[in-house]
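In: based on what follows, work out the 3D shape:
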Amino acid sequence: MSIQAPRFCADCATPLAAVTLAEDGGDKTRLRCPACGWTHWNNPTPVLAAVIECTDREGQVLLARNAAWPGRFFGLITGFMEAGETPEDGIRREIAEETSLQVDSLQLLGVWDFQRMNQVIIAYHAAARGEIRLSPELAEYKLIAPEQVLCWPQGTGQALATWLRSRGIEPQWMDLKRE
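Out: Have a look, this model is predicted:
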């Protein structure tokens, strides 16, 4: 998926132009409206992610396949933060919406940049329980023992590897050429 920058001003619909602006950190080229001065800042979007440990299923990790993804890649539960919610509230909401699981505890794993998608990933370990019922957004899920999980090198795969290391498990990495 490629992310497209806007071509027109959000305030007055004038075509945007690339303008170099002097900012605190040095010169930056941004899209700006020559008519009203509106600027497209192109800041990264915060994305929430969860390594879900199913406490009522012997600590297995839940990975899911997004219905929109090609192939059979299974990843973490993720979603966008909503205005007016904390990251913790947001990931609890996403887990409930996408899996119907109840979160008993959350622990921040870390924050990672995902520049390819212009996102910042805020990842948590979620201890959760309950009957798994997937939203239409997800096609299927797997429950995997932590020792058997394969991590992927980009995006949320780093959060999964961090969680495994916190459990004394050295991450195993996917061979993306074969997966």
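In: who touches P136 in this structure?
Out: The contact partners of P136, taken as C-beta atoms under 8 Å, 6 or more residues apart in numbering, are A67. To be clear about C-beta, it is placed using only N, CA and C from the backbone, and glycine gets the same treatment.
In: now swap in L150 and tell me
Out: Applying C-beta under 8 Å, 6+ apart, we find L150 in contact with 172-174.
In: ok, so of those residues, who is nearest P34?
Out: Nearest to P34 out of these is M174 (C-beta to C-beta; 47.0 Å).
In: I'd assumed W152 was in contact with the closest one.
Out: Yes. M174 lies in contact with W152 (C-beta atoms under 8 Å); the separation is 5.1 Å.
In: name the helix or strand for the nearest residue to P87 once chain neighbours are set aside, please.
Out: Among residues not flanking P87 along the chain, I122 sits closest, at 5.0 Å (C-beta to C-beta, 6 or more residues apart in numbering). Applying DSSP states H and E as the criterion places I122 in strand 119-129.
In: and for G25, the neighbour number?
Out: For G25, the count of nearby residues is 6 (other C-beta atoms under 10 Å).
In: what segments of the chain are helices?
Out: 87-99, 157-166 (DSSP state H).
In: any chance of those in CSV, plus mean pLDDT, mean neighbour count and distance to H40?
Out: As requested, the helices of the chain are exported to CSV (pLDDT from 0 to 100; neighbours: other C-beta atoms under 10 Å; distance: least, C-beta to C-beta, whole Å):
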stretch, mean pLDDT, mean neighbour count, distance to H40
helix 87-99, 98, 19, 25
helix 157-166, 97, 19, 29
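In: could those helices go into JSON lines alongside distance to N43?
Out: Compiled in JSON lines, these are given as follows (distance: least, C-beta to C-beta, whole Å):
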{"stretch": "helix 87-99", "distance to N43": "16"}
{"stretch": "helix 157-166", "distance to N43": "21"}
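In: F73 is nearest to which of those?
Out: Of the helices of the chain, the one closest to F73 (C-beta to C-beta) turns out to be helix 157-166, at 10.5 Å.
In: show me which positions of stretch 36-53 end up buried.
Out: 38, 40, 47-53 (16 or more other C-beta atoms under 10 Å).
In: how about the longest strand along the chain as PDB, C-alpha atoms only?
Out: Counting by DSSP state E, the longest strand found in the chain is strand 102-114. Output in PDB follows, covering the C-alpha atoms of strand 102-114 (Å, rounded to 0.1, in the frame of the first residue of the first chain):
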ATOM      1  CA  GLN A 102     -10.900  -9.300  28.000                       C
ATOM      2  CA  VAL A 103      -7.500  -7.700  28.900                       C
ATOM      3  CA  ASP A 104      -6.400  -8.400  32.400                       C
ATOM      4  CA  SER A 105      -3.100  -6.500  32.300                       C
ATOM      5  CA  LEU A 106      -1.000  -4.400  29.900                       C
ATOM      6  CA  GLN A 107       2.700  -3.700  29.900                       C
ATOM      7  CA  LEU A 108       4.400  -1.300  27.500                       C
ATOM      8  CA  LEU A 109       7.000  -3.100  25.300                       C
ATOM      9  CA  GLY A 110       8.300  -0.100  23.500                       C
ATOM     10  CA  VAL A 111       7.900   2.300  20.600                       C
ATOM     11  CA  TRP A 112       9.200   1.600  17.100                       C
ATOM     12  CA  ASP A 113       9.200   3.600  13.900                       C
ATOM     13  CA  PHE A 114       7.700   2.000  10.800                       C
END
